[in-house]
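# how does the following fold in three dimensions:
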Amino acid sequence: MEQPPQPPYAVPPAEPGRRPRHRYRYRSIFWPLMLVGAGAIWLLYTLGAFSASNLAVMGLVWPVFVIGIGVDLLLGHRSILAGAIVGVVTLAVVIVLMAVGPGLDWVGNTDLKTDTYSTPVGGATQAQIELGLSGYSTSIHALPEATGAERQLVAATLAHRGTITFSAQGTTKKDVQLRPGSEWQWWQRIGNDTQNPWDIGLARGIPLNVTVLASSGSSTVDLTGLQMQKLEVDASSGDSQVVLPAGGQGSAALPEYDLQSSSGRMDVQAPDGVAFTMNIDMSSGDTEVKLGKGTSADMRFRGSSVQFVLTVAPGQAYRVEVRQLSSGEVKLPNGLTRVSGSGKEGVWETPGYQTAANGVDLVIESMSSGTVKVQVEG
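Numbering: from 1, shown residues only. Reported below is the predicted structural model:
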């Protein structure tokens with residue numbers, strides 16, 4: 001009997017008496033072994049068999065993992081045994097290198113130690129100071145009053161791993177830089193370093209331009225008692241607290257504060273009767289600026305995905321201008337008068353703002369998402 005014609009894409013029937021063949025694809029155990037190895041390495045550290053120096057070597061030998069992943073992709077799915085061998089060999093190589101690396105001085109000295117760094121004021125009439133905090137928790141504050149040779153421009157006590165770079169140049173205008181060395185830094189947070197925060201003191205009575213680079217960790221920048229010309233804070237993550245100094249009212253040049261935050265939280269406090277300009281640039285995270293009574297401030301804000309809160313004192317005259325708002329929300333207190341604009345963009349003022357002796361001008365230059373809230377304390 002003649003078989004009916006079949007389309008060209010039809011699957012031919014299996015021959016009688018023959019079982020269809022199946023291609024088995026084994027599930028590699030490479031990644032489970034990596035998890036077991038990571039747990040074993042951390043256990044060796046907590047038991048004291050491995051030190052921070054051993055863990056630091058991992059920052060150098062990580063390409064071994066990449067090689068292991070590549071070999072596993074080639075062989076691991078063909079056989080369970082092959083995946084196991086690749087995983088075991090990869091872990092063995094990494095652990096051996098971690099064990100011998102410190103003895104070969106691959107990562108230098110990673111023991112936690114405490115050092116002091118200082119430079120005198122001398123004949124300086126102003127100073128530019130750059131403080132690289134990396135991931136260390138830090139307290140920055142004004143030094144006690146001093147005179148003569150005992151008067152220090154910068155005095156720092158640092159508990160750290162690896163090396164510290166400290167330099168001071170110039171006579172009338174001093175340029176001071178302090179930062180951790182160029183070693184691999186991811187391991188410096190291991191070993192409860194947060195229990196030994198950095199302490200950095202700055203001189204009173206001399207105009208200062210200070211840059212604080214805080215990649216992670218918590219930092220407190222208390223500028224009380226300092227004569228600030230400019231402060232720049234670049235906080236990648238972690239929590240930061242900034243306390244502004246008194247003064248500024250009637251000055252020819254107002255102190256300038258540039259605050260940048262990638263993530264984490266930043267809290268800024270200003271005392272009563274201060275005057276300043278401030279630029280705030282946020283990519284994410286939370287920031288709150290709390291102003292004292294009688295503040296005069298010119299503030300510019302830019303954010304992409306943020307929660308920003310401005311708290312003003314009761315009776316404070318202020319003005320809010322929203323220039324560009326893609327999405328998100330701007331929350332304003334009741335009682336403001338809209339003087340221009342439509343929709344979410346425009347200008348709002350408190351009654352009597354134009355004739356007030358002290359006023360706060362907040363300009364939201366751009367915000368793609370998130371929330372900006374202006375509130376009155378109390």
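# may I have the secondary structure class of Gly39?
Under DSSP: H, G, I helix; E, B strand; the rest coil, the three-state class of Gly39 is helix.
# actually, Val57.
Applying three-state DSSP: Val57 is helix.
# isn't it up against Leu97?
Yes - Val57 is within contact range of Leu97, at 6.1 Å (criterion: Cβ atoms under 8 Å). C-beta: built from backbone N, CA, C; applies to glycine.
# which one of these two is surrounded by more residues?
Counted by other Cβ atoms under 10 Å, Val57 and Leu97 do not tie: Val57 has more neighbours, with 23 against 17.
# now the lengthiest helix in the chain: mean pLDDT?
For the chain, the helix that runs over the most residues, judged by DSSP state H, is helix 80-100. Averaging pLDDT along helix 80-100 yields 90.
# other SSEs contacting the helix or strand just after it?
Per DSSP states H and E, the first helix or strand lying C-terminal to helix 80-100 is strand 113-120. With contacts taken as 3 or more Cβ pairs under 8 Å, 6 or more residues apart in numbering; DSSP states H and E, strand 113-120 sits against strand 152-160, strand 164-169, strand 173-180.
# output the helix or strand following the last one as CSV, nothing but the C-alphas.
Where DSSP H and E defines the elements, the next helix or strand beyond strand 173-180 is strand 198-202. As requested, the backbone C-alpha atoms of strand 198-202 are provided in CSV (Å, rounded to 0.1, in the frame of the first residue of the first chain):
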residue,chain,number,x,y,z
TRP,A,198,40.3,57.9,61.3
ASP,A,199,40.7,61.2,63.2
ILE,A,200,41.7,64.2,61.2
GLY,A,201,42.0,67.7,62.7
LEU,A,202,42.3,71.0,60.7
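# so what strands line up beside strand 198-202?
With DSSP bridges as the test, strand 198-202 is paired with strand 138-142 (parallel), strand 152-160 (antiparallel).
# OK, contacts around Ser139?
Ser139 makes contact with 197-200, 219-220, 222, according to Cβ atoms under 8 Å, 6 or more residues apart in numbering.
# hmm, back to that, next one: the longest helix of the chain to chain centre, how far?
34 Å (Cα atoms, centre = their mean, to the nearest Å).
# same check, this time on stretch 302-309
On Cα atoms, centre = their mean, the centre of stretch 302-309 falls 16 Å from the chain's centre.
# Thr287 contacts Val309, doesn't it?
Yes - under the criterion of Cβ under 8 Å, Thr287 makes contact with Val309 at 7.4 Å.
# these two: which is more packed in?
The neighbour comparison of Thr287 against Val309 (other Cβ under 10 Å) goes to Thr287, with 23 against 16.
# mind checking which helix or strand that one is in?
Using DSSP H and E, Thr287 falls in strand 285-290.
# sounds good, over and out.
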